[in-house]
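Enquirer: dropping a prediction and its sequence here:
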Amino acid sequence: MHVKILNLSKKLFDGKVKSVTLPTIEGEITILPNHISILTKLCKGIIKIRLENQTEPILFNINSGLCHFASNNATLILDE
């Protein structure tokens, strides 16, 4: 699946991933390929991106934002 992470001034990440774990207002969720379509508000916490060929996740500390996932594409828009 493909993930883009953006803030208001630049692109922070853009690439293919195995999974992405998000801090949401309803708790932490993990999105895997072929996940049901969602639109969710993100809250303060850590985004964890797992790539196919790496054991350690890529981490992003965030304060808030939005995530839209559909058709194996996730777009995360973060507040600064």
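Expert: Now that the structure is in, tell me what you want to look at.

Enquirer: correct me if wrong: Asp79 contacts Leu6.
Expert: No - Asp79 lies out of contact with Leu6 (CB atoms under 8 Å); the separation is 11.0 Å. Bear in mind the C-beta positions are built from the backbone N, C-alpha and C, glycine included.

Enquirer: these two: which is more packed in?
Expert: Taking neighbours as other CB atoms under 10 Å, Asp79 and Leu6 compare with Leu6 leading, 15 against 11.

Enquirer: for that one, which residues make a bridge with it?
Expert: With DSSP bridges applied, Leu6 shows beta-bridge pairing to Lys11, Ile77.

Enquirer: so it versus Leu12, what's the distance?
Expert: 7 Å (CB to CB, to the nearest Å).

Enquirer: what is in contact with these two at once?
Expert: Common contacts of Leu6 and Leu12 (CB atoms under 8 Å, 6 or more residues apart in numbering): Leu78.

Enquirer: where does the residue in the chain sticking out farthest from the centre sit: helix, strand or coil?
Expert: Largest separation from the mean C-alpha position in the chain: Asn53, at 18.0 Å (CA atoms, centre = their mean). Secondary structure assignment for Asn53 (DSSP: H, G, I helix; E, B strand; the rest coil): coil.

Enquirer: would you mind listing where the chain has pLDDT under the threshold?
Expert: Within the chain, no stretch has pLDDT under 70.

Enquirer: and the strands in it, which stretches?
Expert: Along the chain, the stretches classed as strands by DSSP state E are 2-6, 11-16, 19-24, 27-31, 38-42, 45-50, 58-62, 65-70, 73-78.

Enquirer: got the contact list for the last one?
Expert: By CB under 8 Å, 6+ apart, the surrounding residues in contact with strand 73-78 are 1-7, 12, 20, 22, 31, 42, 47, 60, 62-69.
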